[in-house]
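1. Sequence and predicted structure are below.
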Amino acid sequence: MIARQGRQPQRTCIACRRTADQNKLVRFVLGPDGTLLVDYRHKLPGRGAYTCLSRECLEKAIEKRQFQRSFQGQAEAASVETLMAGLHEQLLARVESLLGMARKSGQLETGTNTVLDSLKKKGKFAVLILSEDISESIGKKLTTVAARQDVPVFNMLGKNRIGQLLGKSERSAVAIKVGALADAILIELQRLAEMVREN
Ligand SMILES: [Zn+2]
């Protein structure tokens with residue numbers, strides 16, 4: 001096979017046997033005590049096992065003792081709830097860190113009025129994040145404007161937490177400008193939304 005440029009290493013889901021780009025699968029490693037650890041960012045050392053980012057595959061992998069097989073019987077039993085919680089936590093942390101980067105590089109706008117105005121410029125923004133505790137009427141207004149511009153909308157975190165991440169007081173709306181960072185954030189937000197749907 002001819003290696004294409006930028007081609008990702010391929011890995012196989014231990015549950016459904018699907019082969020995919022490594023970064024499309026979730027990596028798991030064993031902690032020193034045999035605990036199964038989620039390694040969402042593929043950064044932990046040691047042998048890894050991979051699954052799809054889906055509850056179904058996690059359940060299947062546990063049920064069929066595929067983690068035991070991958071780690072030569074060294075893995076402690078894990079529950080799907082624990083693994084899903086770990087995954088959710090790391091996904092959220094990833095979004096938070098990307099938001100921090102977007103802030104530092106001036107790739108976002110915040111504040112409901114600013115965002116409402118800015119969103120009227122076509123093609124400028126790629127993603128709109130609303131806090132989970134945004135007031136219903138403002139949330140509706142922003143969602144309508146975003147829909148008109150084909151900007152996807154995601155609800156996450158509370159306005160206090162979003163404000164904290166951006167070094168500001170509470171913020172219930174964040175619009176991210178079109179670009180590589182927005183693309184990266186969009187992928188993680190879609191994964192988060194998918195996880196919430198599954199649960
Ligand atoms: Zn799978």
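-> Received the coordinates, thanks. Everything numeric in this text was worked out from a predicted model, so none of it was measured.
2. From here on, just use CA atoms for contacts and neighbour counts.
-> Fine.
3. per the record, what domains does the protein have?
-> Per the record, the chain has its domains at 10-78, 98-198, by automatic domain parsing.
4. First-to-last residue distance for the last one?
-> From the first residue to the last, domain 98-198 extends over 24 Å; the measure is CA to CA, to the nearest Å.
5. Next: the first one.
-> Taking CA to CA, domain 10-78 runs 25 Å from one end to the other.
6. How far away from the center of its chain is it?
-> 18 Å (CA atoms, centre = their mean, to the nearest Å).
7. Tell me where the longest helix sits in the chain.
-> Assignment by DSSP state H gives helix 80-104 as the longest helix of the chain.
8. so residue 27 touches residue 43, yeah?
-> No: Residue 27 is beyond contact range of residue 43, at 9.1 Å (criterion: CA atoms under 8 Å).
9. and the two? which has more neighbours close in?
-> residue 27 (25 against 9; other CA atoms under 10 Å).
10. And residue 65, what's its pLDDT?
-> Per-residue pLDDT puts residue 65 at 95.
11. I misspoke; the intended subject was residue 121.
-> Predicted confidence (pLDDT) for residue 121: 87.
12. Enumerate every residue touching it.
-> Contacts for residue 121 (CA atoms under 8 Å, 6 or more residues apart in numbering) come out as none.
13. Mind telling me what element it is part of?
-> Assigned by DSSP states H and E, residue 121 falls within no helix or strand.
14. hmm, back to that, would you list the domains of the chain in a markdown table and tack on distance to residue 85?
-> Shown next, in a markdown table, are the domains of the chain (distance: least, CA to CA, whole Å):
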| stretch | distance to residue 85 |
| --- | --- |
| domain 10-78 | 9 |
| domain 98-198 | 10 |
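15. Could you provide the ones you listed in CSV, with additional columns for distance to the ion?
-> Shown next, in CSV, are the domains of the chain (distance: least, CA to the ion, whole Å):
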stretch, distance to the ion
domain 10-78, 4
domain 98-198, 14
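16. before we move on, the earlier item: buried sites along the longest helix of the chain?
-> Neighbour-count burial for helix 80-104, counted by 16 or more other CA atoms under 10 Å, picks out 80, 83-84, 86-88, 90-92, 94-96, 98-100, 102-103.
17. For whichever helix or strand comes after it, what is the distance to the chain centroid?
-> Remark: after helix 80-104, the chain's next helix or strand is strand 108-110, criterion DSSP H and E. Centre-to-centre, strand 108-110 and its host chain are 19 Å apart (CA atoms, centre = their mean).
18. remind me which residues of the protein are low pLDDT?
-> 1-6, 199 (pLDDT under 70).
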